[in-house]
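coords below, sequence missing:
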Ligand code: DGJ
């Protein structure tokens, strides 16, 4: 095979790379019907006046040493020397769907290995670089980034901001003359900046436009940027962010970027999400399609720290009655943990609360046919804990400074071998002495001055976190793990490789959840998203929602209940039972089908759904977020159906729908399909659509489509 021009191809996407004399991506876009390596000559650029006299390629390393004045792909030095390397390809290794390019700067004695894989089915591109120091003098690495060129018509970017209780909020920026950058130094993927963004055509939407998505699969500090160079060319970059002095490469030592996962779609954001979802299901998700996601009950918002075994058993009995399949005891079960100011680090059972141990509860839970799970927060320590009194030096800190606490806690230094061994031992005790099948792994504090032996070590801390998870997965392969960090503070593909579920947000308010879950759905399929029905009056917002709106909002994800069922009235219990049953009926479709978000002209309405892989059935949710902009809700044009098929359209769940002729209410007469199911062609439903009812704000309904 010609190793100068390499083509990686998938069903819908092509990636064309020139590998000699240096590596650069020439094309990343729609699959080409015809291509020959000679075609790339058409891209030969002019050299403009008033600039350097040479053409400047957008190489893998984006070297400053070549004359690239923008953000380089590599920055570092060896005590001031070898600070502007330039790489030349020395080896190209081509395998089906993958290419590895090795390049070197002989003067700086640096080697760069770049691995690229394009998944043949989904078109998801995985890239990472590894930099190796071949010199006996250490090389201090400041930055190592994956750089991807995107075409000049990528003029808009969409990224996600957030905070505690408000994750995954999309925002848009224009890309012109300069760029856009987002950084996180919080020591986790963070609520504030999910490590991903999308660039695309002007006005790209759910269903329209070319888009290029980029995600850094990393749970630590990160930097993402999109730049418009002064010559108009555009690049996106993603990297782990290194704090000063963190990475020094001794002779023969190397450092790799996290994997960057990139996806191109010609069909708007849906195409990108569908590629990511399919890729995750096929390559990253740790449970098989046959391992049904059990419905959870988590005790946190039901009892908080108030643990009484007899009462917890009553909760479990009620949970089983309404259809729960996994029962989880949250925070509060270990020594000294009567509130959030003490106990973290002391991973021993609180024998005052649990004089008989955990076993009676676990046996009770299992006798009811449910599996058992428990909460932990291993990386943390409260100053008010036996562990801290014994080992104050185990804290991740720089000596001589006073750390601020966060939720009254510090972070443990996982690079300290004794800390690592202690945590592994205590978690192994928990998981081997008790038939625990699930742990919720929390992380409630950001990293400040994360010091190990006097030097900053946030990057190494994240690597140790992964090592701890890897070792636990090796020892206890049957135990599933949920990644939680004050809700959605640690959500990314790096942690997904080691866990099975994300706690999306501490906010169980159905209205807020509609936005948060939609934001997360751009990069994650429903079955890894923890979505719980919370109290009628939401603890986070104090807003009240009907069981219908709460039930439907939790329905599509990895569903659960987060409240005390013993205290719930009959109407509420009936609602939980109903939505759990509905979820179980629809679960194979929801967790195996293709997710669609629909472009709606009226932004007070949110429509999304799942179509089965064979396109014979689908379920769509219409959520009315606020008062409608106009007096009618208009139509929904369903995507993803078979045009030639006939579908029966029916109302699968309509908690709030009513007609009121006088004195308020939103409708006098329902659209006819709501009065009785009707059969309509797929083409008609996709092109002309279905008239939507006028719903009250903060309510939802579920539409079913079934081929007849
Ligand atoms: C923060 C989590 O996000 C909550 O779900 C809960 O587990 C608490 N921590 C417990 O302290």
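Received the coordinates, thanks. Since we're looking at a predicted model, the values are computed, not measured. Residues are numbered from 1 along each chain as shown.

Distance from the chain centre to stretch 435-444, please.
Computed by CA atoms, centre = their mean, to the nearest Å, the chain-centroid distance of stretch 435-444 equals 18 Å.

Can you give me the buried ones in that stretch?
435, 436, 437, 438, 439, 440, 441, 442, 443, 444 (16 or more other CB atoms under 10 Å). (Each C-beta comes from the backbone N, C-alpha and C, glycine too.)

Inside strands: which ones of those?
If you go by DSSP state E, those have 438, 439, 440, 441 in strands.

from the buried residues of stretch 435-444, which are also near the ligand?
Among the buried residues of stretch 435-444, proximity to the ligand is found for 442, 444 (CB under 6 Å from any ligand atom).

what pLDDT does the one residue in the chain that gets nearest to the ligand get?
Residue nearest to the ligand within the chain (CB to the nearest ligand atom): residue 331, separated by 3.5 Å. Residue 331 carries a pLDDT value of 98.

same question, residue 656
For residue 656, the predicted pLDDT is 67.

got it, and the one 4 residues further on?
Listed pLDDT for residue 660 reads 65.

Tell me, how many residues neighbour residue 11?
11 (other CB atoms under 10 Å).

for it, what are its contacts?
31, 120, 121, 122, 123 (CB atoms under 8 Å, 6 or more residues apart in numbering).

rewinding a little: Throw the buried residues of stretch 435-444 into a markdown table and include distance to residue 585 and pLDDT, thanks.
Listed next are the buried residues of stretch 435-444 as a markdown table, based on distance: CB to CB, whole Å; pLDDT from 0 to 100:
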| residue | distance to residue 585 | pLDDT |
| --- | --- | --- |
| 435 | 29 | 98 |
| 436 | 29 | 98 |
| 437 | 24 | 98 |
| 438 | 23 | 98 |
| 439 | 29 | 98 |
| 440 | 26 | 98 |
| 441 | 31 | 99 |
| 442 | 32 | 98 |
| 443 | 35 | 98 |
| 444 | 36 | 98 |
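
returning to that earlier point: how many neighbours does the residue of the chain closest to the ligand have?
22.

Please apply the same query to residue 348.
Counted with other CB under 10 Å, residue 348 comes out at 14.

For it, give its distance to residue 211.
50 Å (CB to CB, to the nearest Å).

Likewise for residue 234?
According to CB to CB, residue 234 stands 13 Å off from residue 211.

When these two are compared, which one has more neighbours?
The neighbour comparison of residue 234 against residue 211 (other CB under 10 Å) goes to residue 211, with 27 against 23.

Skipping adjacent residues, who's closest to the more buried one in space?
Once flanking residues are discounted, residue 211 sits nearest to residue 200: 3.6 Å by CB to CB, 6 or more residues apart in numbering.

Quick one: find the helix or strand in this protein with the lowest mean pLDDT.
Of all helical and strand segments in the chain, the minimum by mean pLDDT, DSSP states H and E falls on helix 672-675, at a mean of 90.

Tell me how many other residues crowd residue 500.
Counted with other CB under 10 Å, residue 500 comes out at 19.

cool, residue 171 as well?
For residue 171, using other CB under 10 Å, the count is 10.

Report the strands that pair with the strand or helix carrying it, each with its relative direction.
Assessed by DSSP states H and E, residue 171 sits inside strand 166-174. Its sheet considered, strand 166-174 pairs with strand 156-163 (antiparallel) by DSSP bridges.

tell me which residues in stretch 380-396 are buried?
380, 381, 382, 383, 384, 385, 387, 388, 391, 394, 395, 396.

Going along the chain, name the strands of the stretch 251-400 of the chain.
Secondary structure of the stretch 251-400 of the chain (DSSP state E, counting those that start in this stretch): strands at 254-256, 260-265, 296-298, 326-329, 371-376, 380-381.

Residue 92 is nearest to which of those?
strand 254-256 (19.0 Å; CB to CB).

and residue 617, how many neighbours does it have?
18.

for the one 5 residues further on, same thing?
Residue 622 is flanked by 23 other residues according to other CB under 10 Å.

And residue 4, by the same measure?
14.

if I look at it, how far off is residue 104?
Distance from residue 4 to residue 104, by CB to CB: 18 Å.

same check, this time on residue 203
Residue 203 is 44 Å from residue 104, by CB to CB.

Next to the ligand, which bits of the stretch 401-550 of the chain? Give me the list.
Residues of the stretch 401-550 of the chain lying near the ligand (CB under 6 Å from any ligand atom): 442, 444, 484, 486, 487, 503, 506.

Can you tell me which of these is nearest residue 454?
Nearest member of these to residue 454, counting by CB to CB, is residue 444, at 26.0 Å.

Would you agree that closest one is in contact with residue 380?
Yes: with contacts counted by CB atoms under 8 Å, residue 444 reaches residue 380, the gap being 6.7 Å.

where do the contact lists of those two overlap?
Common contacts of residue 444 and residue 380 (CB under 8 Å, 6+ apart): residue 409.

still on that earlier bit, report the two of the residues of the stretch 401-550 of the chain next to the ligand separated the most.
444 and 503 (11.5 Å).

tell me the contacts of the closest residue to residue 285 other than its chain neighbours?
Spatial nearest neighbour of residue 285, excluding adjacent residues (CB to CB, 6+ apart): residue 528 at 6.7 Å. Residues near residue 528 by CB under 8 Å, 6+ apart: 280, 285, 496, 500, 501, 502, 558.

Most neighbours out of these, which is it?
Ranked by neighbours (other CB under 10 Å), the contacts of residue 528 are led by residue 558, which has 27 neighbours.

ok, now which ones touch it?
Per CB under 8 Å, 6+ apart, neighbours of residue 558: 293, 296, 501, 526, 527, 528, 529, 530, 531.

Model confidence score at it, please.
pLDDT, read off for residue 558, is 98.

Look up the residues forming beta bridges with it.
residue 530.

Tell me, how many residues neighbour residue 654?
Quick note: residue 654 (other CB under 10 Å) scores 18 neighbours.

thought it was touching residue 702?
Yes: with contact defined as CB under 8 Å, residue 654 counts as touching residue 702 (7.5 Å).

Now do the strands for the stretch 601-708 of the chain: every range, in order, please.
605-611, 617-624, 635-636, 646-653, 678-681, 690-691, 699-707.

Would you convert those into JSON lines that also reports distance to the ligand and mean pLDDT?
As requested, the strands of the stretch 601-708 of the chain are exported to JSON lines (distance: least, CB to the nearest ligand atom, whole Å; pLDDT from 0 to 100):
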{"stretch": "strand 605-611", "distance to the ligand": "24", "mean pLDDT": "98"}
{"stretch": "strand 617-624", "distance to the ligand": "24", "mean pLDDT": "98"}
{"stretch": "strand 635-636", "distance to the ligand": "34", "mean pLDDT": "98"}
{"stretch": "strand 646-653", "distance to the ligand": "27", "mean pLDDT": "96"}
{"stretch": "strand 678-681", "distance to the ligand": "43", "mean pLDDT": "98"}
{"stretch": "strand 690-691", "distance to the ligand": "38", "mean pLDDT": "98"}
{"stretch": "strand 699-707", "distance to the ligand": "24", "mean pLDDT": "97"}
